[in-house]
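1. Structure of the sequence below:
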Amino acid sequence: MSTYLLVHGAWHDGRAWDRVVPLLTAAGHRVLAPSLTGHGDSPHPMTPSVGLETYVDDVAGLIVAENLTDVILVGHSYAGLVVSSVANRVPDRIATLVYLDAMVPVDGETAVDVMPITQVLIDAAADGRVGPLPELPAPHGLFGVTDPDDVAWVRSMLVDEPVLAYQQPVRLDHPAVATIPRTHIHCVGFEIDGITRRPVPAGETVWELHSGHDCMVTVPDELAELLLKLG
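-> Coordinates of the predicted model:
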């Protein structure tokens, strides 16, 4: 049995994984998909002081509280920053890092460094809160989701993010974090102009999914099949 810890991206909450969790648990694995502070069923409210470090505290704290080891730590989208810093915090507890169509930082970088277009969202923020990306015409939809019922479900999760979440830097300065294997899952076929992906360092695994960005909603079976290769 493996332990999967699935971390949702910006604006979403833990429900984003609802279609993937039962597929992994049916294969005999333990799966956790928490909502970060201020999202979904988290008991902690969203405030202006919430930032990347808060989310790292959420996930690292859960790992320690549940005494999780050999964790397959999956970060979607913005949560690539979160899982990177979590791995830096508790490297001895992480078996594999999975960047699911995610931001992939180096030490000291913020979301703006990794994806400069993020600055546009910050500049448009009202009262220090960054709203979700808008729904686009097909085939892009809302984070790659186009089915009307699924769009409504995803929209029900979305909350604004605090600006600080995009301005605090990732920490990747623990020597042990460099030894953790990394797998990158890229969603392809529905790319959006202006959003680019960094080259993956040599030696790291890359898989592709033909899907929009929220692949856990649109192609959960295919995503689970890839994740199970790591378990």
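2. Quick check: closest non-adjacent residue to Thr37.
-> Spatial nearest neighbour of Thr37, excluding adjacent residues (Cβ to Cβ, 6 or more residues apart in numbering): His44 at 4.3 Å. For glycine as for every other residue, the C-beta is placed from the backbone atoms N, C-alpha and C.
3. hey, where'd the strands end up in this structure?
-> Assigned by DSSP state E, the chain shows strands spanning 3-7, 30-32, 71-76, 94-100, 129-130, 161-162, 182-188, 205-210.
4. Same list, those, but as JSON lines with mean neighbour count please.
-> Formatted as JSON lines, these follow (neighbours: other Cβ atoms under 10 Å):
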{"stretch": "strand 3-7", "mean neighbour count": "25"}
{"stretch": "strand 30-32", "mean neighbour count": "18"}
{"stretch": "strand 71-76", "mean neighbour count": "27"}
{"stretch": "strand 94-100", "mean neighbour count": "23"}
{"stretch": "strand 129-130", "mean neighbour count": "18"}
{"stretch": "strand 161-162", "mean neighbour count": "26"}
{"stretch": "strand 182-188", "mean neighbour count": "19"}
{"stretch": "strand 205-210", "mean neighbour count": "14"}
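5. Could you list the low-confidence segments of the protein?
-> Scanning the chain for pLDDT under 70 picks out no residues.
6. center of it - which residue?
-> His76 (2.4 Å; Cα atoms, centre = their mean).
7. Do you have the helices of the protein handy? List them.
-> 21-26, 52-65, 79-89, 111-114, 118-123, 148-157, 164-167, 215-218, 220-228 (DSSP state H).
8. of all those helices, which lies closest to Thr37?
-> helix 52-65 (5.0 Å; Cβ to Cβ).
9. Could you check the angle that closest one makes with strand 71-76?
-> 150 degrees (axes from the mean of the first three to the mean of the last three Cα atoms, to 10 degrees).
10. in helix 52-65, what's buried?
-> 52-60, 62-63 (16 or more other Cβ atoms under 10 Å).
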